[in-house]
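In: For reference, the sequence and a predicted model appear below.
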Amino acid sequence: MNKKIALIFGITGQDGSYLAELLLNKKYKVYGVKRRTSLIHTTRIDHIYEDFHLKPNLILKYGDVTDFSNVFNLIDQIRPDEIYNLAAQSNVGVSFELAEYTAQTDSIGTLRILEAIRIIDKKRKMKFYQASTSEIFGNSPDKPYNEKSKFEPVSPYGTAKLYSYWITKNYREAYSMFTSNGILFNHESPRRGENFISRKTIIGLIKVLKGKQKCLYLGNLYSKRDWGHAKEFVEAQWKILQNKKPDDFVIATGKNYSVKDLVNLVLKKLQIKSKWKKNKDGLEYVVATENKQSIKKSQVIVKQEKIYFRPNEVHNLKGNYSKAKKILKWKPKINFDKLISEMVESDLKLIK
């Protein structure tokens, strides 16, 4: 029996690395696309090359979703059974500063892949997964969000991803292609990028504890997110393409927590006793209430700064994954407390 072949755009990212592991363990032959840069960005998948049994089935290719000829040639040469598009400029805050680049990668990049599949795959055997995001809901009042909720993105990132969502549906309906969207709510892990709020908070407070940083600076403390584990969410991505027909699914935990909840939990995990205060401008900060390693009593260790507030903010995201539970037989198992514990333990070892 021939092995299934998968092509992953964005394999060096958090989701790409977990998805590659999942597929390799399911005996797939995996092709991963990585961008050419002056620095080596394969840290998240380097361990796969240390596994004698997995290494032969993982092949990396240079590519970029902003280059149609490259995308077309990759798909034409590899002829994969499944294509996963995880490539994106995925930082919401950065998208305000790099709006055009975000559109090129997160929206038109998806179109390039779909158009290549449409031209190459005449028999419609290839399956395509598009990584969508809860940011497409924005501040829509239809909480908790499901597949029928109204979309109201409030950032260049959310807007670009909404185009990808609709063009994926459009190609499915117009050309009878197997194209599906996974509308994933926030998902974290020890492999999360350091500029995302979860890792930024954990690494920042560990550095404060170790005396490598004086204070952690944050923006909006009251935005709430539905946080799950990336390892479980990529399993849902795979299940979406194993479904009998193409469809769109919300993948979430059904529970959400604020950034302030996150800070409090990390402080608890690091056993840092502290209390919250407000300054005359109403901005909040955290003061240590006892000495702890490099932290002195009364030291300000977390501080809210206006510079870190986004031009537009999504206030409250919570997903309803009942459709995925019913059809895909998928549900989250790792709760928020366990997720943060895993991340804190990992970064404590890393910073040592």
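Out: Perfect, thanks for sending it.
In: When you work out contacts or count neighbours from here on, use the C-alpha atoms and nothing else.
Out: Will do.
In: what about Ser69, helix or strand, and which?
Out: Assigned by DSSP states H and E, Ser69 belongs to helix 68-78.
In: can you tell me which residues contact Phe128?
Out: Taking Cα atoms under 8 Å, 6 or more residues apart in numbering, we find Phe128 in contact with Glu82, Ile83, Tyr84, Asn85, Phe178, Thr179, Ser180, Leu241.
In: residue boundaries of the strands in the stretch 201-350 of the chain?
Out: 216-218, 224-225, 228-229, 248-251, 257-258, 274-278, 284-288, 300-304 (DSSP state E, counting those that start in this stretch).
In: The stretch 51-200 of the chain now?
Out: 58-62, 82-85, 127-133, 178-184, 187-188.
In: To Asn73, which of the ones you listed lies closest?
Out: strand 58-62 (11.2 Å; Cα to Cα).
In: So which elements touch that closest one?
Out: On a contact count with 3 or more Cα pairs under 8 Å, 6 or more residues apart in numbering; DSSP states H and E, strand 58-62 meets strand 29-34.
In: and the strand it packs on, what other elements does it pack with?
Out: For strand 29-34, the elements it packs on are strand 5-9, helix 14-25, strand 58-62, judged by 3+ Cα pairs under 8 Å, 6+ apart.
In: With respect to Ser258, which of the strands of the stretch 51-200 of the chain lies nearest?
Out: Nearest of these (Cα to Cα): strand 187-188, 14.3 Å.
In: Residues contacting that closest one, please?
Out: Contacts of strand 187-188 (Cα under 8 Å, 6+ apart): Ser198, Trp227, Gly228, His229, Ala230, Phe233, Leu339.
In: Going by contacts, tell me the helices and strands next to the biggest helix by length in the chain.
Out: Looking across the chain with DSSP state H, the single longest helix is helix 156-175. The helices and strands touching helix 156-175, judged by 3+ Cα pairs under 8 Å, 6+ apart, are helix 92-97, helix 99-103, helix 109-120, strand 127-133, strand 178-184.
In: now do 10 Å
Out: Packing partners of helix 156-175 (3 or more Cα pairs under 10 Å, 6 or more residues apart in numbering; DSSP states H and E): helix 92-97, helix 99-103, helix 109-120, strand 127-133, strand 178-184, strand 248-251.
In: and those as CSV, adding distance to Lys143 and mean pLDDT?
Out: Formatted as CSV, those follow (distance: least, Cα to Cα, whole Å; pLDDT from 0 to 100):
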stretch, distance to Lys143, mean pLDDT
helix 92-97, 21, 90
helix 99-103, 27, 95
helix 109-120, 27, 98
strand 127-133, 15, 98
strand 178-184, 15, 98
strand 248-251, 13, 98
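In: quick one: Ile113 and Gly63 touch, right?
Out: No - the criterion here is Cα atoms under 10 Å, and Ile113 misses it with Gly63 at 11.9 Å.
In: how about Ser149, what does it touch?
Out: By Cα atoms under 10 Å, 6 or more residues apart in numbering, the contact list for Ser149 reads Phe137, Ser140, Pro141, Asp142, Lys143.
In: Turn the residues you listed into JSON lines, including neighbour count and pLDDT.
Out: Shown next, in JSON lines, are the contacts of Ser149 (neighbours: other Cα atoms under 10 Å; pLDDT from 0 to 100):
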{"residue": "Phe137", "neighbour count": "26", "pLDDT": "97"}
{"residue": "Ser140", "neighbour count": "19", "pLDDT": "94"}
{"residue": "Pro141", "neighbour count": "13", "pLDDT": "92"}
{"residue": "Asp142", "neighbour count": "13", "pLDDT": "90"}
{"residue": "Lys143", "neighbour count": "15", "pLDDT": "89"}
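In: Mind putting those into TSV with distance to Phe151?
Out: TSV is the format used below for the contacts of Ser149 (distance: Cα to Cα, whole Å):
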residue	distance to Phe151
Phe137	4
Ser140	6
Pro141	10
Asp142	9
Lys143	11
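In: which non-adjacent residue is nearest Ser90?
Out: Nearest non-adjacent residue to Ser90, counting by Cα to Cα, 6 or more residues apart in numbering: Tyr157, 7.1 Å away.
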